[in-house]
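Q: Just the structure for this:
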Amino acid sequence: MVWNPGKPLFGGRYIINRQLGEGGIGITYLAKNQRDELRVIKTLKEEILNHPAWILHRNKLRQDFRDEAVRLAVCHHPHVVQIETIFDEGNLPCMVMEYIEGEDLGQRLRRMGVLSEAEALLYIRQIGDALTLVHSKGLLHRDLKPRNIMIRIDKVEAVLIDFGIAREFIPNVIQRHTAYRTPGFAPPEQYELEAPRGEYIDIYALAATLYNLLTAVVPTNADDRRQNIRLEPPQYFNPKISNRVNQAIMRGMDLESTYRPQSVQEWLNLLNYDIGNDIASITPTVTIAPEFKYYAPIVVKQSNWQCIHTLKGHSSMVNAIAISPDGQLLASGSSDNTIKLWQLGTAKLLRHLGRWSSGHTSMVHSVAFSPREQLLASGSWDNTIKLWHLHTGREIQTLTGHANWVNSVAFSPDGRLLASGSSDNTIKLWHVHTGREIQTLTSHYDSVWSVAYSPRMAVANSQDEQLLASSSADYTIKLWHVHKDKEIQTLTGHSFFVNCVAFSFDGQLLASGSADCTIKLWHVHTGREIQTLTGHSNSVWSVAFSQNGQLLASGSWDNTIKLWHVDTGRLISTLTGHSNYVRSIAFSPDGKTLASGSDDDTIKIWRQE
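A: Model prediction:
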């Protein structure tokens, strides 16, 4: 049954004007209230409630509908559609919402072709601010897309609508939600009935919405992406998109939820573009010039590097690898929560660490060999560091103290200290033999992604000059006097997250890799930027010097490894073979073997021919 124009509802408080639309189980009407103001009334379709397949579930349908209305009513925000009241009309539950005169972003996109970056970012920030409130109320929208964002006709203001499949969530707890999704906008978690739930679900959809607004292309859906069908960066379709926005979109749409920003505000910060409130500055012709320029590097033909082994043993992404000081062992850490030890020369799997009760309870993000004793350290997103005995595989100690993910671990050259960098924005120094926390270094204002000690040769004159480098999502690198608990210098120049740092073996140079797709070389003692290496088309996640200091390797989310001549900055070789992001790389001590770990769940061993 459909309500006809003129039908009174709720004791005559509302009069039906006309039907607006209908979905699978719901129907909406335009109505007027007693003050002659237009309102939208949403209710369930009566034929659904009376359908034999739904009769046993209709009480739950009514309750779910009322719950949606109540949850939405507490989300009072200028960019969320507002609820006026909730009532029952006969056996049909109804919610009354404000009427938003205007067009949805899907319509606006069809009318304009693509939106300027400035205009799209204005709407996305408004909706992001609204989502922050929605999430604080324990609610996921689960259906973000241009069609569910209205633009008011009288001002440039976006409003989030249609909370029909919104659900309550507890962060990172496995919950059962109806597997409803809009292809292209829904993350892989929404293809599963049971999965961990978090803000990152709506972040994926918000990033996909921005992708669509700037390109007029619906992104490759998550299910296809899991079958290795590539998601082209939005710049592929619209070169006018700034690099920062391009990177933020790709980060927000990472298939692995743990690699997306974990809050909407964190993702909005990646955009780092203050469009202000003056809409007069936004016109359909506004474009934003790219912030970085990429130049084709000069390729120097030298000896070839070939993949000689592909190691398959992990059941998920390989986030971290390290080669032992004697060049005999390779350690790998994975999102399957385990660490594996391999014989580097033969690629033979020697040992599994942490498969049973002693293991990490979340992904292993970093591994490091002790320079002297037979120890391995692992840092995990379970907020802990573990020390392992290599020959027995036994866990020696678990170091606790970080309040968030441990992203990086590094031993001091003498093996007595261990440094750890965390998403709690701190670096901690630990005494290896006692497991005691010695110092906490605080100066970064965002996640610390990488830590590295300067080598022994750089500090031969005095132990007091031991240096530690740290890189952060705050776009900076910091150098510290370890024994003085003192920050020496902050190196600035990258325009996005600094994901990794590495010292050269003479301690004179520091390399940094960033989500701005570049690698920078710095003079350690002066803090001066020497060179910027360009050539990667996506975030750089790992850098490593060869021991003779002639080569620098870089691993990137463009699925490649690049080898650079340190003195000239010229690109020597690009190694291809991984089918997904390269997360970690390491040189053998003789510089003739290189190992790489990837999101394709494999490790590759490369040898110089």
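Q: Look up which helix or strand residue 68 falls in, please.
A: helix 58-73 (DSSP states H and E).
Q: The following helix or strand past that helix packs against which elements?
A: With elements assigned by DSSP H and E, the helix or strand that comes after helix 58-73 is strand 83-89. If you count contacts as 3 or more C-beta pairs under 8 Å, 6 or more residues apart in numbering; DSSP states H and E, strand 83-89 packs onto helix 58-73, strand 92-98. Just so you know, the C-beta spots here come from the backbone N, C-alpha and C atoms, and that holds for glycine as well.
Q: Now strand 83-89: buried residues?
A: 83-87, 89 (16 or more other C-beta atoms under 10 Å).
Q: May I see those residues arranged in TSV, with distance to residue 542 and pLDDT as well?
A: Listed next are the buried residues of strand 83-89 as TSV, based on distance: C-beta to C-beta, whole Å; pLDDT from 0 to 100:
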residue	distance to residue 542	pLDDT
83	49	89
84	54	88
85	56	90
86	54	90
87	59	91
89	61	92
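Q: Let me see the ranges of the helices in the stretch 201-350 of the chain.
A: 222-225, 243-252, 264-271 (DSSP state H, counting those that start in this stretch).
Q: Same list (those helices) but as JSON lines, adding distance to residue 445 and mean neighbour count.
A: Formatted as JSON lines, those follow (distance: least, C-beta to C-beta, whole Å; neighbours: other C-beta atoms under 10 Å):
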{"stretch": "helix 222-225", "distance to residue 445": "32", "mean neighbour count": "16"}
{"stretch": "helix 243-252", "distance to residue 445": "18", "mean neighbour count": "24"}
{"stretch": "helix 264-271", "distance to residue 445": "11", "mean neighbour count": "20"}
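Q: sorry, back to before: do you know which of the helices and strands packed on strand 83-89 lies nearest residue 13?
A: Smallest distance to residue 13 across the helices and strands packed on strand 83-89 (C-beta to C-beta): 8.8 Å, for strand 92-98.
Q: on contacts alone, who are the packing partners of the helix or strand that comes right after the closest one?
A: Using DSSP H and E, the helix or strand that follows strand 92-98 in sequence is strand 102-104. Under the contact criterion of 3+ C-beta pairs under 8 Å, 6+ apart, strand 102-104 touches strand 149-152.
Q: outside of the helix or strand just after the strand it packs on, which residues touch it?
A: Next helix or strand after strand 149-152 toward the C-terminus (DSSP H and E): strand 158-160. The contact list for strand 158-160 (C-beta atoms under 8 Å, 6 or more residues apart in numbering) reads 78-81, 100, 105, 122-123, 126-127, 130-131, 134, 141, 144, 148-152.
Q: hmm, back to that, which one of the helices of the stretch 201-350 of the chain lies nearest to residue 210?
A: Closest of those to residue 210 is helix 243-252, at 5.7 Å (criterion: C-beta to C-beta).
Q: what's the angle from that closest one to helix 264-271?
A: 150 degrees (axes from the mean of the first three to the mean of the last three C-alpha atoms, to 10 degrees).
Q: Could you export helix 243-252 as CSV, CA atoms only?
A: Extracted in CSV, the C-alpha atoms of helix 243-252 (Å, rounded to 0.1, in the frame of the first residue of the first chain):
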residue,chain,number,x,y,z
ASN,A,243,50.0,14.3,-5.1
ARG,A,244,49.0,14.7,-1.4
VAL,A,245,45.3,14.1,-2.1
ASN,A,246,46.2,11.2,-4.5
GLN,A,247,48.3,9.6,-1.7
ALA,A,248,45.6,10.2,1.0
ILE,A,249,43.0,8.5,-1.2
MET,A,250,45.2,5.5,-1.8
ARG,A,251,46.0,5.2,1.9
GLY,A,252,42.4,5.5,2.9
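Q: tell me what it is packed against?
A: helix 200-215, helix 264-271.
Q: mind redoing it with 10 Å?
A: When contacts are defined as 3 or more C-beta pairs under 10 Å, 6 or more residues apart in numbering; DSSP states H and E, helix 243-252 packs onto helix 117-136, helix 200-215, helix 264-271.
Q: for it, what is the average pLDDT?
A: Throughout helix 243-252, pLDDT has a mean value of 94.
Q: Stretch 364-379 too?
A: Mean pLDDT, stretch 364-379: 92.
Q: Could you export that stretch as PDB, CA atoms only?
A: Output in PDB follows, covering the C-alpha atoms of stretch 364-379 (Å, rounded to 0.1, in the frame of the first residue of the first chain):
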ATOM      1  CA  VAL A 364      54.600  -8.400  13.300                       C
ATOM      2  CA  HIS A 365      55.700  -5.000  11.800                       C
ATOM      3  CA  SER A 366      59.500  -5.100  12.500                       C
ATOM      4  CA  VAL A 367      62.300  -7.500  13.100                       C
ATOM      5  CA  ALA A 368      66.000  -6.900  13.900                       C
ATOM      6  CA  PHE A 369      69.000  -9.200  14.600                       C
ATOM      7  CA  SER A 370      71.300  -8.400  17.500                       C
ATOM      8  CA  PRO A 371      74.800  -7.600  16.300                       C
ATOM      9  CA  ARG A 372      76.500  -9.900  18.800                       C
ATOM     10  CA  GLU A 373      74.400 -12.400  20.600                       C
ATOM     11  CA  GLN A 374      72.000 -14.900  19.000                       C
ATOM     12  CA  LEU A 375      68.900 -12.700  19.600                       C
ATOM     13  CA  LEU A 376      66.100 -11.500  17.400                       C
ATOM     14  CA  ALA A 377      63.700  -8.600  18.400                       C
ATOM     15  CA  SER A 378      60.200  -8.300  17.000                       C
ATOM     16  CA  GLY A 379      57.800  -5.300  17.200                       C
END
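Q: Any buried residues in it, and which?
A: For stretch 364-379, by 16+ other C-beta under 10 Å, it's 364-371, 375-379.
Q: and of the buried residues of strand 83-89, the nearest to residue 248?
A: The closest of those, once distances to residue 248 are taken by C-beta to C-beta, is residue 83, at 31.8 Å.
Q: so the closest one makes contact with residue 75?
A: Yes: if you go by C-beta atoms under 10 Å, residue 83 and residue 75 touch, sitting 8.6 Å apart.
Q: Can you check which residues contact both of those two?
A: residue 163 (C-beta atoms under 10 Å, 6 or more residues apart in numbering).
Q: can the helices of the stretch 201-350 of the chain go into JSON lines with extra columns for distance to residue 548?
A: Shown next, in JSON lines, are these (distance: least, C-beta to C-beta, whole Å):
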{"stretch": "helix 222-225", "distance to residue 548": "40"}
{"stretch": "helix 243-252", "distance to residue 548": "33"}
{"stretch": "helix 264-271", "distance to residue 548": "37"}
